[in-house]
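[1] Just to be clear, the model below is a prediction. Sequence and coordinates:
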Amino acid sequence: MHDPKLPPILTSEQIVSLRPTYDRPGVLNETLGHQFEQEAESAGGGVAEVLTLFLRGSECRFRCLMCDLWKYTYPGKTPSGSIPAQVQQGLEDAEGNWREGEAQEPTPRWVKLYNASNFFSPANVPDEDLPAIATKLVGFDRVVVENHPTILRPQIEQFRDSLGETKLELAMGLESVHPQTLQLLNKSMQVEDFALACDWLQERQIDARSFVLLRPPGMTEEEGVHWSCESIDFAASCGVRHISVIPLRGGNGSLEYLESNGYFCAPALSALEEVMKRRLLPDCGFVLTVDLWDWEQIQGGCSVCRNLRKQRLEKANLLQRLDPLPETDCQCVT
């Protein structure tokens, strides 16, 4: 495909109008599920066993161009008691899995609560539910929740205190430090807001992780790699502990619209590898990973090398080093 053109700015109303038809269920007190995974503990090494709980609450009030997480929410304010009930159910289900597969599944030390929205927005997680949620998480080493950088409230500190010795970490989308991209993404923030949020968290001994996009609309492949690296550098300068690079892909309707009009082209597998090659360096001081969710949407490679390249990135995510690719007979890689 030719290089994308300068994209138009879509309003929140236009972004919503471009959404695909999707039947969202009503209010539920059941978790969407859970998964066990491993994460690099720090840039210096170590592996943490992690439990992720996928929670369903109300939709985020922001309308980011690239976000499809609204599919896992429901309209309207989250009712009080729903999220604590889901956390309890998720922990019980996970414990049942630990017992069944005790030899295979180590007990997780970290837990992620992903509610496809903002954990400290009272419309998404009612303030009165936060103490009950924290009580259920005491005993984990680390708790990770999602939040928009502009939502900084006293309830964050109160939740931190309720966790006791458990470390709190906020996952926030930086997306890109390219001058026009945050406006294009309808992110409802500036780069300076992200830096202020990181300072605010550090002053309160709360860790930060960040999401950086690879190749937003309007960028060539090389520009996408360059600005992803620049964004990684900025997040690192703000003291972010864990930076996750997300290859931008469709699913929300807006990106499909931009792609069909020549404004967007999804990044290739080689671009992901290049970002890791440039920024996953010894003593970088932060954890750097690439998001391999929806792997089938990431284009590149062939039947000979594609799976090897995925395994290489998975290993890099976990061990924080990018090993050479095994030799293959294909012409995709050198």
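    Cool, got the structure.
[2] going forward, measure contacts between C-alpha atoms and count neighbours the same way
    Fine.
[3] Surely residue 178 touches residue 227?
    Yes: if you go by Cα atoms under 8 Å, residue 178 and residue 227 touch, sitting 6.4 Å apart.
[4] Pull the distance from the worst-scoring helix or strand of the chain on mean pLDDT to the chain's centre.
    Every helix and strand of the chain was ranked by mean pLDDT, DSSP states H and E. The lowest is helix 82-100, at a mean of 85. The chain centroid and the centroid of helix 82-100 are separated by 22 Å under Cα atoms, centre = their mean, to the nearest Å.
[5] And that helix, what does it pack against?
    strand 33-40, strand 47-54, helix 130-137 (3 or more Cα pairs under 8 Å, 6 or more residues apart in numbering; DSSP states H and E).
[6] Parallel or antiparallel, list what pairs with the helix or strand following that helix.
    Following helix 82-100 in sequence order, the next helix or strand is strand 110-114 (DSSP states H and E). Strands adjacent to strand 110-114 in the sheet, as given by DSSP bridges, are strand 47-54 (parallel), strand 142-146 (parallel).
[7] quick one: the first one to strand 33-40, angle?
    Going back to what we said before, that points to strand 47-54. 150 degrees (axes from the mean of the first three to the mean of the last three Cα atoms, to 10 degrees).
[8] Enumerate the positions of strand 47-54 that are buried.
    Buried residues in strand 47-54, counted by 16 or more other Cα atoms under 10 Å: 48-54.
[9] tell me the secondary structure for the residue lying closest to residue 207 once chain neighbours are set aside?
    Leaving out its chain neighbours, the residue that sits closest to residue 207 by Cα to Cα, 6 or more residues apart in numbering is residue 169, at 4.4 Å. For residue 169, the assignment made with DSSP: H, G, I helix; E, B strand; the rest coil gives strand.
[10] again with the one 4 residues further on
    Under the three-state scheme (three-state DSSP), the conformation of residue 173 reads as strand.
[11] Report the separation between the residue nearest to it when sequence neighbours are not counted and residue 190.
    Excluding the flanking residues, the one nearest residue 173 by Cα to Cα, 6+ apart is residue 211, at 4.7 Å. Separation of residue 211 from residue 190 (Cα to Cα, to the nearest Å): 15 Å.
[12] Same check on residue 64?
    From residue 64 to residue 190 the distance is 13 Å (Cα to Cα).
[13] and these two? which has more neighbours close in?
    Set side by side, residue 64 and residue 190 show more neighbours around residue 64, with 23 against 18, by other Cα atoms under 10 Å.
[14] ok, the more buried one touching residue 187?
    Yes: with contact defined as Cα under 8 Å, residue 64 counts as touching residue 187 (5.3 Å).
[15] Mind telling me what element the residue minimising distance to the centre of the chain is part of?
    Among the residues of the chain, the one closest to the centroid is residue 211, at 5.4 Å (Cα atoms, centre = their mean). Using DSSP H and E, residue 211 maps to strand 207-214.
[16] Can you identify the element that follows that strand toward the C-terminus?
    Criterion used, DSSP H and E; the element after strand 207-214 is helix 221-237.
[17] so that next one versus strand 207-214, what angle?
    Using the same axes, to 10 degrees: helix 221-237 against strand 207-214 is 170 degrees.
[18] Give me the contacts around helix 221-237.
    174-178, 210, 212-216, 243, 245, 267-268, 271-272, 274-275, 278-279, 285-286 (Cα atoms under 8 Å, 6 or more residues apart in numbering).
[19] how about the helices in the stretch 151-300 of the chain?
    Remark: helices assigned in the stretch 151-300 of the chain by DSSP state H, counting those that start in this stretch are 154-162, 181-184, 191-203, 221-237, 254-260, 269-279.
[20] To residue 15, which of those lies closest?
    Taking Cα to Cα, helix 254-260 is the member of the helices of the stretch 151-300 of the chain nearest to residue 15, at 5.9 Å.
[21] Check the offset of the closest one from the chain's centre.
    Distance, centroid of helix 254-260 to centroid of chain: 21 Å (Cα atoms, centre = their mean).
[22] do stretch 71-84 as well
    Counting by Cα atoms, centre = their mean, stretch 71-84 comes out at 20 Å from the chain centroid.
[23] Report how far apart the opening and closing residues of that stretch are.
    21 Å.
[24] buried ones in that stretch?
    71-74, 77-84.
[25] could I get these as TSV with distance to residue 95?
    Below are the buried residues of stretch 71-84 laid out as TSV (distance: Cα to Cα, whole Å):
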residue	distance to residue 95
71	27
72	24
73	25
74	27
77	30
78	26
79	26
80	25
81	21
82	20
83	18
84	16
